[in-house]
Each structure stands twice: as structure tokens, then as C-alpha cells.
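Asks: Could you work out the structure for the sequence below:
(chains A and B)
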Amino acid sequence: GAVVSQHPSRVICKSGTSVKIECRSLDFQATTMFWYRQFPKQSLMLMATSNEGSKATYEQGVEKDKFLINHASLTLSTLTVTSAHPEDSSFYICSARDLGLAGNYEQYFGPGTRLTVT
Amino acid sequence: QKEVEQNSGPLSVPEGAIASLNCTYSDRGSQSFFWYRQYSGKSPELIMFIYSNGDKEDGRFTAQLNKASQYVSLLIRDSQPSDSATYLCAVSWGFSGGYNKLIFGAGTRLAVHP
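Replies: Numbers count the residues shown, from 1 in each chain, chains lettered A, B, ... in the order given. You can find the predicted model right below:
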């Protein structure tokens, strides 16, 4: 099956620093990847849609200058949390679609990155 | 504003029983419906998806869709303690091209006790 990896799995950083999270599709090409955020005991909230070779599309209320997304290749998207603050502490999850499979609408999720800002 | 509603639970069922999880959605244009299972601290994993009205069965799982009532459910037969998790309902629209945004419900926590 399609595998999506994320790195790092867990990161602790000081307030004011920036953190980069990588999302990779390991065995398929993903022209579109999605970034979600999940706070404790809450559901996944879509932050943005990352499109290879173009600018990301951000959901309402998500600051694009704070959450920088780069989709530089068909297998890699990165999310950079700039000037992180404790309220950015959350579980960040990416997903990807394998558009090479006709009729496949499943999103494959990465294992998630636990960000803690102190 | 597209919304997906689920009862947060917990839903407690004895081992071997049928667990019934329900989800309603607000957008009549929704076309794709997904059930994900999420264990604590882990990312979601897809259980089933359904597009057409009626039932769809896969092993111990049955998804039911009623577009007229804007209602989708998941039945888990012969529930096992390993089924204890949070079940997320997700709704999407559009079938082809571009991308399909998923809107998730808050999830229902299922507890299967021996």
C-alpha cells in the first residue's frame, strides 16, 4: 500500500524559533498533499492544500506567513512553523493522494509530528 | 460552512456485540464519505469509504449511506477490544481531478470491554 512518512515524529522547540516538518510519499507520486492540525481531544482540521509546483491553498483562519508550505517535488512537501509559540503546540499530520491510481480518492496519512513549543 | 457531526461518546459495547457509529453532514453536495479509525497518539487509518446510497460491507465493517437524510453510519460486528479507538467520519465532494478536501467530524470514542 501507499506509504507516507513524516519527519520528525516529535519535536520540542523554544518559543520564537522555527520548525520544519517534512512529508514524503515513499512509493507513489503525490501532486497534492494536505496538512492537518489536531489539538488534544479534537478532530483533524485542514490547514492547507499543497500543490506541487504552485502555491499552497490555505484554509480560512490559517496564517500563510506563519505556516509556510513548500511542495518542491512530487514526493516531498514541507511545513515550516515560523516563530512558533506555545499555542502552536499540536499534532501535525500530512496526507497525500496517489493520483496515479484511477478512481482512487483515498488520502494516505503520515504518522504525524508532535510539536511542543516551550 | 460545511459541517460533519458525530456523537463524541464514549460508546461502550461488550466484546462480540455490534457497535453502531453515526454521522450527519450539512452539505447536500457531498459525494464521498469515509470512516477512519484513530488510536491515541496515532494518525488516522482508513476503514471504509462509500459513495452510493445503501450498504457497503467489508469484513466485520458495514458502512451505510443515506443521502436524502444526509446520514452515514458504520457498523462493527463482533466488536473486539482492539477496536477500541476514536472513529472519525469524513466527508468530501467532487470525484475527479484537482483535490478532494476532507472535512472531519470530531470523532466518536468507542470502548469495547471484555
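Asks: Now do stretch B:105-114: distance to the chain's middle.
Replies: With CA atoms, centre = their mean, to the nearest Å as the basis, stretch B:105-114 stands 11 Å off its chain's centre.
Asks: Please state the mean pLDDT value computed over that stretch.
Replies: Stretch B:105-114 shows a mean pLDDT of 95.
Asks: How about stretch A:35-44?
Replies: The model assigns stretch A:35-44 a mean pLDDT of 91.
Asks: so how far is the first residue of that stretch from its last?
Replies: Taking CA to CA, to the nearest Å, stretch A:35-44 runs 10 Å from one end to the other.
Asks: mind listing what's buried in that stretch?
Replies: Neighbour counts using 16 or more other CB atoms under 10 Å in any protein chain shown place A:35-38, A:43-44 of stretch A:35-44 among the buried residues. All C-beta atoms are positioned from the backbone trio N, CA, C, and that covers glycine.
Asks: Could you do stretch A:20-30 as well?
Replies: By neighbour count with 16+ other CB under 10 Å, stretch A:20-30 contains the buried residues A:21-25, A:28, A:30.
Asks: so which two of those residues are the farthest from each other?
Replies: Using CB to CB, the buried residues of stretch A:20-30 span at most 19.8 Å, a distance reached by A:Ile21 and A:Phe28.
Asks: picking that back up, export the buried residues of stretch A:35-44 as TSV, with columns for distance to chain B.
Replies: What follows is the buried residues of stretch A:35-44, written out as TSV (distance: CB to the nearest CB, whole Å):
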residue	distance to chain B
A:Trp35	12
A:Tyr36	8
A:Arg37	11
A:Gln38	9
A:Ser43	4
A:Leu44	5
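Asks: Thanks a lot, see you next time.
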